[in-house]
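*Asks:* Quick one, structure for this:
(chains A and B)
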Amino acid sequence: HIATSLPLPSERDHLRPRIDLIVFMIDIKSKYSLKNVEASLAHVDTSFFLGKVCFLVTGVGRMNACSIETNAVCKLAEAYCSPVLFCELELEGIRVATAQRLLRMLQICAGHIPGVSALSFVSLMRNSNDN
Amino acid sequence: MDDTVAEYIRRTVLKIPRDEIKMMLQKWGFLSEAQLQTVNFHQIKDNISQEVVQLCEENSADIKQAAVLDIIYNHIYQNKRMWTVYQMKKSGEELEYFDITDFKKKFKGRLRSALKNVTITFKEYEDNAIWIRVAWGAPNKKPNQYKPSYVVYHSQTPYVFISPSVLKSNLPLLCQALIVASNYHDIREMELRSHSLNSLKDIVFKRYSQNFQTYCPKHMQGGNVEPESADIRIVQENRSEKERIHRLNWEVFGGGPQPKLEYAQYKLETMFKSDPKMGVLDKKEPFRCLVKFSSPHLLESLKSLAPAGMADAPLSPLLTCIPHKARNYFKIREKKGIFPESFVSP
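*Replies:* Sure, this is the predicted structure:
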């Protein structure tokens, strides 16, 4: 399901399946996209932040056009205890690899991988980020 | 042949891209087809122009013919110049029959009576456009052929498109000659400027696709939202919002291509509204500020703002009124009344 912001329109509530993972996409070229994500975060139920939220920063291939600081995004992700992925959608290889990573995360969040829960996975990811 | 004429022809030919020189010389018609055959159009431009000048020498070209070549070049490359639109007003009489010979005579007469040294050239085109080129001189100076003014006049309309010379002082005289020649009594500059002459014509002749308040079946309007509806497994949560934006955009801009403008400029003379504690401006004076929007194609980019998620729909009427009001330069002042909102001056 793709949405431009949260909250989701209530008219489609009955058509929506259970939400297992929320990926917030931030375009590094747009300050507006960061503001939009920050505003939308307020509408997310706290239970999602136990591993079912992820931030995806796009456009990192064009750092000369970036409008937001990666530092700011990392701080945001830390504040919400969620991981950040960086990718460039214009390159097919990276696009495919990112999609595969997200799919893997989704499988874990949906409970399809025995022995790994969303929470345990996200704490694994946080440890690797603390350099 | 005069040296200055030779040099002018040489420089004009050098401006033309090499692949188009032959075509433009043929349009000019001053050199015969046989003469054109003798020129090698595949050599470097310097040599081509030298050969052309020599042929013109054989035909004894004078400045009048050279000026025609210049008009042809500027007609094809009209978008290199900046054009301003002027509107002429009649004093309320019936429209008289337009006589081109009379127009030319009166125009030349008016200019020459004020300024002896001018070069005036006319060329008519199929779309009823009369192109006028004026090179300006002074009492003791020959006309400067390199800084002419161009005027495009559609005789069935009160509109004139002027690309003035950098020698600005001649503009009032040019305007005067136009109203005298065309039997109007007044001329005013519209706040409408662009490089694209055709787009200016589209706007004032109302040739662009406007959206009239006709009944339009809903399914036709909402049809274009997702042309490449990818996978059925992808669900757009905000579909109704996207459709609303698309519909509003269609209502404002219509379905067709927009006229091509490069700028919109808003000169603000409004009061600065801030928290009184900030004390930014102690005096109650209008805060002078200039807001300029620029784009290779301003109206198309405004049209794509809301669908791209960069602006809320509907857009501010200050932006969307540009083609309807036929202006892209605005002055915004305070409205003097009970509600101090800004208002657009006429």
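*Asks:* Could you look up the SS state of B:Ile332?
*Replies:* When the structure is reduced to helix, strand and coil (DSSP: H, G, I helix; E, B strand; the rest coil), B:Ile332 reads as strand.
*Asks:* Please report phi then psi for the closest residue to chain A within the stretch 151-300 of chain B.
*Replies:* Using C-beta to the nearest C-beta, the closest approach of the stretch 151-300 of chain B to chain A is made by B:Glu237 at 3.8 Å. Any C-beta I mention is one placed from the backbone N, CA and C, and that applies to glycine too. Here is the backbone geometry of B:Glu237 (degrees, to the nearest 10): phi -70, psi -30.
*Asks:* And A:Gly115, by the same measure?
*Replies:* Dihedral angles phi and psi of A:Gly115 (degrees, to the nearest 10) take the values phi 90, psi -10.
*Asks:* burial measure for it, as a count.
*Replies:* Here the count is done by other C-beta atoms under 10 Å in any protein chain shown, and A:Gly115 has 6 residues near it.
*Asks:* before we move on, the earlier item: who are the contact partners of the residue nearest to the residue of the stretch 151-300 of chain B closest to chain A when sequence neighbours are not counted?
*Replies:* Of all residues not flanking B:Glu237 in the chain, A:Ala3 sits nearest, at 3.8 Å (C-beta to C-beta, 6 or more residues apart in numbering or on different chains). If you count contacts by C-beta atoms under 8 Å, 6 or more residues apart in numbering or on different chains, A:Ala3 has them with B:236-238.
*Asks:* From those, list the buried ones, please.
*Replies:* Buried residues within the contacts of A:Ala3, counting neighbours by 16 or more other C-beta atoms under 10 Å in any protein chain shown: B:236-238.
*Asks:* ranges for the strands of chain A?
*Replies:* A:22-27, A:53-58, A:84-86 (DSSP state E).
*Asks:* pLDDT at the residue nearest to B:Glu237, what is it?
*Replies:* Looking at A:Ala3, its pLDDT reads 90.
*Asks:* next one: phi and psi at it?
*Replies:* Backbone geometry at A:Ala3, expressed as degrees, to the nearest 10, gives phi -140, psi 150.
*Asks:* if you skip the residues just before and after it, what's nearest to B:Leu192?
*Replies:* B:Val85 (4.5 Å).
*Asks:* burial measure for B:Ile9, as a count.
*Replies:* The number of residues packed near B:Ile9 is 24, by other C-beta under 10 Å.
*Asks:* Now do the SS call for the closest residue to it other than its chain neighbours.
*Replies:* Of all residues beyond its chain neighbours, the one nearest B:Ile9 is B:Ala66 (5.0 Å), with distances taken as C-beta to C-beta, 6+ apart. Under the three-state scheme (three-state DSSP), the conformation of B:Ala66 reads as helix.
*Asks:* so B:Ala66 touches B:Val5, yeah?
*Replies:* Yes: proximity of B:Ala66 to B:Val5 meets the contact threshold set by C-beta atoms under 8 Å, at 5.5 Å.
*Asks:* higher neighbour count, those two?
*Replies:* Of the pair B:Ala66 and B:Val5, B:Ala66 is the one with more neighbours under other C-beta under 10 Å, namely 26 against 21.
*Asks:* now the more buried one: how far from chain A?
*Replies:* Using C-beta to the nearest C-beta, to the nearest Å, one obtains 48 Å as the distance from B:Ala66 to chain A.
*Asks:* Tell me how far that residue lies from B:Ala6.
*Replies:* Applying C-beta to C-beta, to the nearest Å, the value for B:Ala66 to B:Ala6 is 9 Å.
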